[in-house]
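Engineer: any chance you could fold what I've pasted below:
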Amino acid sequence: RPSLPGILPRKRLFDLLEEARAGGAVWLAGPPGSGKTTLVASYVDHAAIPCLWYQLDEGDADVATFFYYLGLAAVELGGPGQTPLPLLAPEYHAGLTQFARSYFQALYARRPPPFAVVFDGFNDVPASSALHEIMREAVRELPPGAFLVCISRGDPPPALARLRANRALALIGWDALRLTREETREIVARRHPGLSDAELEELYARTEGWAAGLVLMLEQSRRGGAVAAAPDLATRQLLFDYLAGEIFQKSDPRTQAFLLRTAYPAQMTAAIAEAVSGEPDAGRILSELHRDNYFATLRQAGSDAVYQYHPMFREFLLARAAESMTKEQRRRVQRACAEQMEGAGRIEDAFALYAESHEWQEMARVVARWFDPQRAEVYQRLGLVTISSTTWGAERIHELLTHRELDPRLTFGGGEVALISIETPAHLVGRQVKNITVPDEINVVAITRQDRALIPTLGTEFRSGDVIHLVVLASAMGRVEALLGLGEG
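Structural biologist: Now for the predicted structure:
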């Protein structure tokens with residue numbers, strides 16, 4: 001079984017495994033990197049019981065192969081010198097169930113209980129394999145005191161439904177496997193002591209209890225970065241490579257395309273996912289992603305179920321979409337998503353998506369539709385979401401949108417000050433910074449020249465190719481346009 005030096009014992013989950021052990025068998029289901037294998041291996045060490053650990057793969061879909069290699073591994077349970085377990089010869093295939101019963105009776109007889117048998121990696125076995133029926137017999141033949149553990153990414157197959165109904169097979173799922181805040185704190189204390197409560201909370205919000213995500217985020221601490229901050233390029237690539245190899249690349253092309261298009265909404269129903277992706281089976285795909293623990297969380301059950309991707313998985317998908325889709329393709333998806341968000345009443349999400357796709361006209365329309373200064377107090381009394389809670393704030397947003405050629409890079413406070421960047425217009429080449437400076441309204445704070453930034457003086461001359469960075473009052477956007485010669489003709 002895996003060797004796990006220096007891991008955190010999870011007593012909370014050890015207690016759940018003890019309860020399941022009393023019933024005989026347990027199925028652990030969670031996404032890759034959720035700590036399933038680590039948990040079981042550490043529990044076996046904690047309980048100090050002999051263990052046969054069998055790692056499943058695609059080849060075990062052939063039950064004859066499974067029985068052969070399990071027989072080789074059985075030496076872990078009974079030691080050398082015992083009679084080999086039988087092979088599944090062709091004449092036994094007609095009576096596979098009876099063969100499986102006899103096989104597991106012989107396997108379990110090799111050692112008196114207590115002992116554990118662990119089958120790790122059930123997600124690699126196709127649903128069509130007879131191995132699932134065989135596993136039903138493996139559970140049924142367990143002697144008192146023995147413990148059988150199945151580890152998978154998805155829930156137990158239908159063949160084991162009766163065992164679950166009879167409480168002969170317990171289930172420990174993703175909700176239980178998630179790291180708690182206290183477990184996160186303990187892991188961080190071992191790897192990065194001194195983290196503040198605020199940083200810990202931000203880290204927990206980003207990882208949502210995903211153990212592998214936490215470990216990968218902590219990697220950047222070794223490079224001297226802030227743990228809870230956005231990952232550096234090396235850590236980000238490490239995280240993305242993990243998600244690509246464990247989930248994305250194992251999905252079929254149709255599901256990959258669906259994932260990329262549905263990464264844009266923060267939350268979605270099947271109807272929203274279908275509208276954004278153009279996939280008529282959106283509901284089924286989302287349901288399967290959730291069932292198989294592929295980082296699709298069910299936020300609201302019922303006829304209009306609401307799904308949400310894990311923050312780190314969504315970040316990966318958005319980065320992948322930026323690489324694989326053209327700018328125009330992304331804009332179309334973002335616009336379709338924004339329209340769906342607006343229709344669902346998620347105005348902040350719609351506004352952000354219109355902004356990302358540079359749909360300035362739509363942003364202005366959202367402001368006009370969802371904020372009427374004369375009705376501000378009525379909106380607030382009714383608890384309706386508005387872009388700004390004040391007339392002044394809405395007017396500032398409207399001014400920024402009206403002068404959309406300037407495309408603010410950043411805004412400060414309530415939007416009253418904006419940072420904008422623009423390549424030097426031809427008519428300003430040779431002129432000085434003071435020619436476009438208006439005290440308390442418009443100031444040039446930096447110039448990028450030949451990939452190098454400089455802080456100008458009032459006498460600095462503009463050159464062709466310079467990028468001018470200005471800090472501007474939102475109320476002065478019209479004046480900036482006039483000085484830069486925008487909107488003319």
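Engineer: quick one: the helices in the stretch 201-350 of the chain, in order.
Structural biologist: Assigned by DSSP state H, counting those that start in this stretch, the stretch 201-350 of the chain shows helices spanning 211-219, 233-246, 253-261, 270-277, 282-291, 311-324, 327-343, 347-356.
Engineer: could I get those as CSV with mean neighbour count, mean pLDDT and distance to residue 475?
Structural biologist: All C-beta atoms are positioned from the backbone trio N, CA, C, and that covers glycine. Shown next, in CSV, are those (neighbours: other CB atoms under 10 Å; pLDDT from 0 to 100; distance: least, CB to CB, whole Å):
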stretch, mean neighbour count, mean pLDDT, distance to residue 475
helix 211-219, 21, 84, 41
helix 233-246, 16, 75, 39
helix 253-261, 18, 95, 39
helix 270-277, 21, 94, 37
helix 282-291, 18, 92, 45
helix 311-324, 17, 92, 34
helix 327-343, 19, 91, 27
helix 347-356, 20, 82, 20
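Engineer: so can I have CSV of those helices showing distance to residue 131?
Structural biologist: Listed next are the helices of the stretch 201-350 of the chain as CSV, based on distance: least, CB to CB, whole Å:
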stretch, distance to residue 131
helix 211-219, 27
helix 233-246, 22
helix 253-261, 24
helix 270-277, 32
helix 282-291, 19
helix 311-324, 29
helix 327-343, 40
helix 347-356, 44
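Engineer: residue 304 is nearest to which of those helices?
Structural biologist: helix 270-277 (7.8 Å; CB to CB).
Engineer: helix, strand or coil for the closest residue in space to residue 61 that isn't next to it in sequence?
Structural biologist: Distances taken as CB to CB, 6 or more residues apart in numbering place residue 129 nearest to residue 61, at 4.1 Å, with adjacent residues excluded. Put simply, residue 129 is coil when judged by DSSP: H, G, I helix; E, B strand; the rest coil.
Engineer: okay, how far is it across stretch 461-475, tip to tip?
Structural biologist: 26 Å (CA to CA, to the nearest Å).
Engineer: can you list the buried residues in that stretch?
Structural biologist: Neighbour counts over stretch 461-475 (16 or more other CB atoms under 10 Å) mark 462, 466, 468-474 as buried.
Engineer: give me the helices and strands touching the helix or strand encompassing residue 53, please.
Structural biologist: Per DSSP states H and E, residue 53 falls inside strand 51-55. In terms of contacts (3 or more CB pairs under 8 Å, 6 or more residues apart in numbering; DSSP states H and E), strand 51-55 is packed against helix 63-73, helix 75-78, strand 115-120.
Engineer: residue 256: which of these is closest?
Structural biologist: Here strand 115-120 is closest among these (CB to CB), at 26.4 Å.
Engineer: now the helices: where do they sit in the stretch 1-150 of the chain?
Structural biologist: For the stretch 1-150 of the chain, the helices defined by DSSP H, counting those that start in this stretch cover 11-23, 36-47, 63-73, 75-78, 96-108, 131-140.
Engineer: so where is the stretch 51-200 of the chain shaky, pLDDT-wise?
Structural biologist: 79-81 (pLDDT under 70).
Engineer: at 80 instead, please
Structural biologist: For the stretch 51-200 of the chain, applying pLDDT under 80 flags the ranges 76-82, 91-94, 191-195.
Engineer: count the residues that sit near the closest residue to residue 419 other than its chain neighbours.
Structural biologist: Excluding the flanking residues, the one nearest residue 419 by CB to CB, 6+ apart is residue 410, at 4.3 Å. Residue 410: 10 surrounding residues under other CB atoms under 10 Å.
Engineer: repeat for residue 12
Structural biologist: 11.
Engineer: isn't it up against residue 178?
Structural biologist: No - counting by CB atoms under 8 Å, residue 12 sits too far from residue 178 to count as a contact (10.9 Å).
Engineer: circling back to that earlier point, closest one to residue 480 among the helices of the stretch 1-150 of the chain?
Structural biologist: Per CB to CB, nearest to residue 480 of the helices of the stretch 1-150 of the chain: helix 36-47, 56.9 Å.
Engineer: list the buried ones in that closest one?
Structural biologist: Neighbour counts over helix 36-47 (16+ other CB under 10 Å) mark 36-44 as buried.
Engineer: okay if I get those residues as JSON lines plus pLDDT and distance to residue 265?
Structural biologist: Converted to JSON lines, those look like this (pLDDT from 0 to 100; distance: CB to CB, whole Å):
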{"residue": "36", "pLDDT": "96", "distance to residue 265": "29"}
{"residue": "37", "pLDDT": "95", "distance to residue 265": "33"}
{"residue": "38", "pLDDT": "94", "distance to residue 265": "33"}
{"residue": "39", "pLDDT": "96", "distance to residue 265": "33"}
{"residue": "40", "pLDDT": "97", "distance to residue 265": "36"}
{"residue": "41", "pLDDT": "95", "distance to residue 265": "38"}
{"residue": "42", "pLDDT": "94", "distance to residue 265": "38"}
{"residue": "43", "pLDDT": "96", "distance to residue 265": "39"}
{"residue": "44", "pLDDT": "95", "distance to residue 265": "42"}
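Engineer: can you put those residues in a markdown table and add distance to residue 293?
Structural biologist: Formatted as a markdown table, these follow (distance: CB to CB, whole Å):
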| residue | distance to residue 293 |
| --- | --- |
| 36 | 10 |
| 37 | 14 |
| 38 | 16 |
| 39 | 15 |
| 40 | 16 |
| 41 | 19 |
| 42 | 20 |
| 43 | 20 |
| 44 | 23 |
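Engineer: residue 455: which of these is nearest?
Structural biologist: Scanning the buried residues of helix 36-47 for proximity to residue 455, where the rule is CB to CB, the winner is residue 38, at 51.6 Å.
Engineer: hmm, that closest one is touching residue 7, no?
Structural biologist: Yes - counting by CB under 8 Å, residue 38 touches residue 7, with 5.8 Å between them.
Engineer: tell me the angle the strand holding residue 53 makes with helix 63-73.
Structural biologist: Counting by axes from the mean of the first three to the mean of the last three CA atoms, to 10 degrees, strand 51-55 lies at 140 degrees to helix 63-73.
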